[in-house]
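Engineer: structure here, sequence nowhere to be found:
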């Protein structure tokens, strides 16, 4: 009599029993121990994610927005008339209370700093009416990725100014990166925000003509006081080391420049040195 089928049956039953016991062990562990995500939730804050443009509901033309989402959609419609071409992209937003218009109540003024990722930035200034509607007062486009926006009192007369840090990163392809510090002020004449000062905060550029053997960097420290902006800049030339291929500084220059407010030009201009 051939008993091989009996041994095969016994082996199958043993394997089934082992799998069942392992399944029960896993169920018990999962019921008593938190998952990695559950364990991390207590110690890590969730970083807000950019909003997909496809999730924004564009309001009809002529209608006033009554929420920040609708205000964003309204500004997008005006900043980018070819809105459909942005399909598949996301927007990163920052809202701040910024009293940039002296004719409006400070608490009713909101500024939206937004970036259509990766690097198409724009600024929209709103006043929120008593009925909750958002009225667009100023729209600034053709900006780079907006890193930060804040309201500051730099000019002595009201209102506050809007200081914006924006970065254009082209290290892949064009081989340069530049971060600009830009100051905007409300113009009564033009009835909108206008640029009154701008200066490179950080620059990194590679010399393609030398086969990337050289690069130049600039780092700037900016200090603001009432009616003046002081700049301390360090510019460095680097060359690639033949040994470990790292860049080494070969020349460094520094300069200090002070800019003062000129109401006639409605801008910060370089201070004229006092004759000795």
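Structural biologist: Nice, I can see it. As the structure is a computational prediction, the values presented were derived from the model and not from experiment.

Engineer: quick check: residue 74 touching residue 65?
Structural biologist: Yes. At 4.7 Å, residue 74 counts as touching residue 65 under the criterion of Cβ atoms under 8 Å. Just so you know, the C-beta spots here come from the backbone N, C-alpha and C atoms, and that holds for glycine as well.

Engineer: pick out whichever of those two has more residues nearby.
Structural biologist: A count of neighbours by other Cβ atoms under 10 Å puts residue 74 above the other of residue 74 and residue 65, at 23 against 20.

Engineer: may I have the strands that pair with the helix or strand hosting residue 200, each with its orientation?
Structural biologist: Using DSSP states H and E, the element containing residue 200 is strand 192-206. Using DSSP bridges, the strands paired with strand 192-206 are strand 176-187 (antiparallel), strand 214-225 (antiparallel).

Engineer: point out the most buried one among those.
Structural biologist: Mean neighbour count (mean count of other Cβ atoms under 10 Å) peaks for strand 176-187 among those, with a mean of 20.

Engineer: how far does that one sit from its chain's centre?
Structural biologist: With Cα atoms, centre = their mean, to the nearest Å as the basis, strand 176-187 stands 13 Å off its chain's centre.

Engineer: now that strand: mean pLDDT?
Structural biologist: Regarding strand 176-187, the rounded mean pLDDT is 95.

Engineer: ok, stretch 112-119 next?
Structural biologist: Mean pLDDT, computed over stretch 112-119, is 91.

Engineer: can you give me the neighbour number for residue 121?
Structural biologist: Neighbourhood size, residue 121 [other Cβ under 10 Å]: 24.

Engineer: hmm, I was thinking of residue 75
Structural biologist: Neighbour tally, residue 75, other Cβ under 10 Å: 23.

Engineer: show me the helices in the stretch 1-150 of the chain, by range?
Structural biologist: All helices of the stretch 1-150 of the chain, identified by DSSP state H, counting those that start in this stretch, fall at 4-32, 36-41, 68-79.

Engineer: contact partners for residue 249?
Structural biologist: 236-238 (Cβ atoms under 8 Å, 6 or more residues apart in numbering).

Engineer: could you rerun that using 6 Å?
Structural biologist: Taking Cβ atoms under 6 Å, 6 or more residues apart in numbering, we find residue 249 in contact with 236, 238.

Engineer: could I get the phi/psi values of it?
Structural biologist: phi -70, psi 130 (degrees, to the nearest 10).

Engineer: spatially nearest residue to the residue minimising distance to the centre of the chain (excluding sequence neighbours)?
Structural biologist: Centroid-nearest residue in the chain, with Cα atoms, centre = their mean: residue 147, separated by 3.3 Å. Nearest residue to residue 147, sequence neighbours excluded (Cβ to Cβ, 6 or more residues apart in numbering): residue 165, at 4.5 Å.

Engineer: and residue 202, by the same measure?
Structural biologist: Nearest to residue 202 is residue 179, by Cβ to Cβ, 6+ apart, at 4.2 Å.

Engineer: please apply the same query to residue 99.
Structural biologist: residue 106 (3.7 Å).

Engineer: distance of that neighbour from residue 151?
Structural biologist: Noted for residue 106: a distance of 10 Å to residue 151, by Cβ to Cβ, to the nearest Å.

Engineer: looking at the two, which is more packed in?
Structural biologist: residue 151 (19 against 15).

Engineer: how near is the more buried one to residue 111?
Structural biologist: According to Cβ to Cβ, residue 151 and residue 111 sit 7 Å apart.

Engineer: ok, residue 158 next?
Structural biologist: Distance from residue 158 to residue 111, by Cβ to Cβ: 16 Å.

Engineer: likewise residue 227?
Structural biologist: Residue 227 is 22 Å from residue 111, where distance means Cβ to Cβ.
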